[in-house]
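Trainee: Pasting a predicted model and its sequence here:
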Amino acid sequence: MADSRKPDSKPAPARRAKAAVIPPSPRGGAVALLDAVLSPDTGASLPEVLTAPPAAFAALDPAGCARAQRLALTTLRHLDRADAILSPHLRKAPPPHVKNLLRLAVVEMLHEGAAAYGVVNSAVGALRGDRRLQAMAGMVNAVLRRASETPDGTWAALPPQRLPQWLRQPMVHHYGRAVVGAIEAAHMEGAATDLTLRPGVAGPDGVTLPTGSLRVAGAQISALPGYDAGDWWVQDAASALPARMLGDVAGLRVLDLCAAPGGKTMQLAAAGAQVTALDLSGPRLARLRDNLARTGLEAEIVTADALHWLPDAPFDAVLLDAPCSASGTIRRHPDLPFAKAAGDLAALTALQARLLDRVLTPSAGLLRPGGVAVYCTCSLLAAEGEDQARAALDRHPHVVAQPVTLPGLPEDWRTADGGIRTRPDYWPELGGIDGFYMVALRIGAETAAAAG
């Protein structure tokens, strides 16, 4: 008897293979950070990204987070070099996430010397665990295996990461191409850790720099001797100079504007000043409070807008560390060129000018006649440094630049206007220094009344 059952009109659909579940890893967290920083839609610095971190990063334990951040920052320092290695092996640009995965893998293999087998397998496994990108696992495997065969010496011969054009062009105009190339090479090397010591404290093992800061080898900061006792705080050697430009501040009333996270506030307080630390950001001032508590130093803390705040009486001295592009800190924050844009600069320079006018106008009540203000920015751009100070002096004829003498300061760091300019390519034999501009400006007591 014939089988009366009708054959199935369609074969049963094949079951789709489940993607492997990939546990959180520092490499995955690093790629997630790269995706966020390099996204054209985000335009965020790494600290901004970390305020609401991607899930692949947030799932890591503290040690994993630290390694993920280090991997991401190292990759950002060598992005152009990684792309130069990958380009001959790619027929077309892969999706951004895959491209960042490839970049990270190349940096691990060629810069850090990680074993190619483990790096390639990790990258391929990460894609096989993502249904959207499973099809690209084979391509990534082939590209990375070719990249791992890069001849010895090729990576080291590649030029360093270039600054974006909006930043590079004015720097070339001001410093020249050779200096900018040296600065870019210094950025690639990264930054050491500098400490500012309380007076009379020996500090942990390290190298004492000519200007007095202590440079320590890479170590967990909180594990160094003297951390719990508050004997010192982390502060780049360049950042430690502006407060010293005020000279002997013992017993003086000093206003630290834009003070958080507090390195300069602690310097002034440790030197015996009566410090008022003012900042617009409450969360940043919370870090300052923590730093003061650890070091046992005291300062009055004010959360306010420096453009409108009025003190009870003018101060003897003002330290204005103005908001800026932070282009002088790229060697320790390689994410900054990707988070900043040319359009940000106009707003920053306008704010710097307004803050300077607020400090230098006697009738504003911040600085007494005869008092000294130190203006500084952690920027390599003359528009935020030398040009800004020159324009302020033109607007305020009652103010003069006051050249200062600082122990250990090389003469070629002094500028024609009486200020000080540091650059990342300085002290190459010691590990470099952040880029800063700083100048001391004195209000003439005899002309202050006429200036109003």
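Mentor: Received the coordinates, thanks. Owing to the predicted nature of the structure, the values given are computational and were not obtained by experimental measurement.

Trainee: Show me the strands in the protein, by range?
Mentor: For the chain, the strands defined by DSSP state E cover 193-197, 207-208, 214-216, 232-234, 253-257, 274-279, 300-303, 315-321, 367-377, 399-401, 420-422, 436-443.

Trainee: okay, the ones you listed in JSON lines with distance to A66 and mean neighbour count next?
Mentor: Any C-beta I mention is one placed from the backbone N, CA and C, and that applies to glycine too. Below are the strands of the chain laid out as JSON lines (distance: least, Cβ to Cβ, whole Å; neighbours: other Cβ atoms under 10 Å):
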{"stretch": "strand 193-197", "distance to A66": "14", "mean neighbour count": "22"}
{"stretch": "strand 207-208", "distance to A66": "24", "mean neighbour count": "12"}
{"stretch": "strand 214-216", "distance to A66": "17", "mean neighbour count": "19"}
{"stretch": "strand 232-234", "distance to A66": "16", "mean neighbour count": "22"}
{"stretch": "strand 253-257", "distance to A66": "30", "mean neighbour count": "26"}
{"stretch": "strand 274-279", "distance to A66": "27", "mean neighbour count": "24"}
{"stretch": "strand 300-303", "distance to A66": "30", "mean neighbour count": "17"}
{"stretch": "strand 315-321", "distance to A66": "28", "mean neighbour count": "25"}
{"stretch": "strand 367-377", "distance to A66": "29", "mean neighbour count": "23"}
{"stretch": "strand 399-401", "distance to A66": "43", "mean neighbour count": "19"}
{"stretch": "strand 420-422", "distance to A66": "28", "mean neighbour count": "24"}
{"stretch": "strand 436-443", "distance to A66": "27", "mean neighbour count": "25"}
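
Trainee: TSV please, covering the ones you listed and showing mean pLDDT and distance to G29.
Mentor: As requested, the strands of the chain are exported to TSV (pLDDT from 0 to 100; distance: least, Cβ to Cβ, whole Å):
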stretch	mean pLDDT	distance to G29
strand 193-197	96	23
strand 207-208	96	33
strand 214-216	96	27
strand 232-234	96	24
strand 253-257	98	36
strand 274-279	97	31
strand 300-303	97	33
strand 315-321	98	32
strand 367-377	97	33
strand 399-401	96	48
strand 420-422	98	34
strand 436-443	97	32
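
Trainee: Could you pull up the residues touching the nearest residue to L366 once chain neighbours are set aside?
Mentor: Nearest non-adjacent residue to L366, counting by Cβ to Cβ, 6 or more residues apart in numbering: V359, 5.3 Å away. Residues near V359 by Cβ atoms under 8 Å, 6 or more residues apart in numbering: 257, 318, 320, 366-367, 373, 375.

Trainee: now those as JSON lines including distance to D231?
Mentor: Listed next are these as JSON lines, based on distance: Cβ to Cβ, whole Å:
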{"residue": "L257", "distance to D231": "27"}
{"residue": "V318", "distance to D231": "28"}
{"residue": "L320", "distance to D231": "28"}
{"residue": "L366", "distance to D231": "32"}
{"residue": "L367", "distance to D231": "32"}
{"residue": "A373", "distance to D231": "30"}
{"residue": "Y375", "distance to D231": "30"}
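
Trainee: want to throw the strands of the chain into JSON lines with distance to P225?
Mentor: JSON lines is the format used below for the strands of the chain (distance: least, Cβ to Cβ, whole Å):
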{"stretch": "strand 193-197", "distance to P225": "11"}
{"stretch": "strand 207-208", "distance to P225": "16"}
{"stretch": "strand 214-216", "distance to P225": "10"}
{"stretch": "strand 232-234", "distance to P225": "10"}
{"stretch": "strand 253-257", "distance to P225": "28"}
{"stretch": "strand 274-279", "distance to P225": "26"}
{"stretch": "strand 300-303", "distance to P225": "28"}
{"stretch": "strand 315-321", "distance to P225": "29"}
{"stretch": "strand 367-377", "distance to P225": "30"}
{"stretch": "strand 399-401", "distance to P225": "41"}
{"stretch": "strand 420-422", "distance to P225": "28"}
{"stretch": "strand 436-443", "distance to P225": "28"}
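
Trainee: How much space separates P151 from L110?
Mentor: 11 Å (Cβ to Cβ, to the nearest Å).

Trainee: of those two, who's got more company?
Mentor: Higher neighbour count among P151 and L110: L110, with 22 against 7, using other Cβ atoms under 10 Å.

Trainee: List the contacts of the more buried one.
Mentor: 85, 147, 150, 155 are the contacts of L110 under Cβ under 8 Å, 6+ apart.
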